[in-house]
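>>> show me the folded form of this:
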Amino acid sequence: MRYFTVFIFISLLGSSCIKPPDYSEVPEITFVRFSKPAVQAFSDSVQLVFSFTDGDGDIGPIAEGDTTLNLFLTDSRDNSVKKYQLPNITPPGSIRAISGEVTVTIGPFACQAGVETDQLTYTIRIKDRAGNFSNPALTTSLGLDCN
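Purely as a prediction, here's the structure:
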């Protein structure tokens with residue numbers, strides 16, 4: 001019985017010493033995929049998926065009702081920037097380091113005048129509540145059927 005008590009004590013002591021992941025407080029992102037390789041221009045949408053890590057977990061709006069735009073997609077064709085709002089994904093508890101994937105639905109897409117097919121890539125960046133911008137992540141090419 002005494003050994004069993006010591007074993008449980010050592011197990012509890014070991015589990016309380018779990019180290020949180022060592023992520024930078026500046027968000028880091030990586031493009032994962034588009035839900036499909038091509039879309040019909042002017043009508044279709046596509047899901048863009050990217051992964052992230054953040055050491056202090058301050059991604060998303062500050063409070064409910066905050067409309068801050070913190071996801072930026074730069075179109076390779078004309079360098080225009082589309083802005084979106086990420087959900088609040090701050091974890092509960094004292095360990096703030098987080099990682100995961102974000103899926104955003106984007107579209108419909110416009111084509112350049114006079115083209116039947118088009119392609120674009122996006123450069124993705126996010127901004128955390130402390131004002132830190134992530135690294136830029138480049139998507140793969142997305143095809144557009146302009147007919």
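>>> pLDDT score assigned to residue 114?
Residue 114 is assigned 88 on the pLDDT scale.
>>> likewise for the one 4 residues further on?
Confidence per residue is given as pLDDT, and for residue 118 that number is 94.
>>> do I have it right that it meets residue 144?
Yes: counting by Cβ atoms under 8 Å, residue 118 does reach residue 144; the two are 4.2 Å apart. Quick note: C-beta positions are derived from backbone N, CA and C, even for glycine.
>>> neighbour-wise, which of these two wins?
For residue 118 and residue 144, the more surrounded residue by other Cβ atoms under 10 Å is residue 144, and the numbers stand at 24 against 16.
>>> what's the helix or strand hosting that one in contact with?
According to DSSP states H and E, residue 144 maps onto strand 142-145. Here strand 142-145 makes contact (Cβ atoms under 8 Å, 6 or more residues apart in numbering) with 34, 37-41, 46, 109, 111, 116-122.
>>> ok, residue 43 - how many residues close by?
Residue 43 has 10 nearby residues by other Cβ under 10 Å.
>>> let me fix that, I meant to ask about residue 128.
22.
>>> the residue lying closest to it once chain neighbours are set aside: neighbour count?
Take residue 128 and drop its neighbours on the chain: the residue closest to it by Cβ to Cβ, 6 or more residues apart in numbering is residue 58, 4.8 Å away. Using other Cβ under 10 Å, residue 58 has 19 other residues around it.
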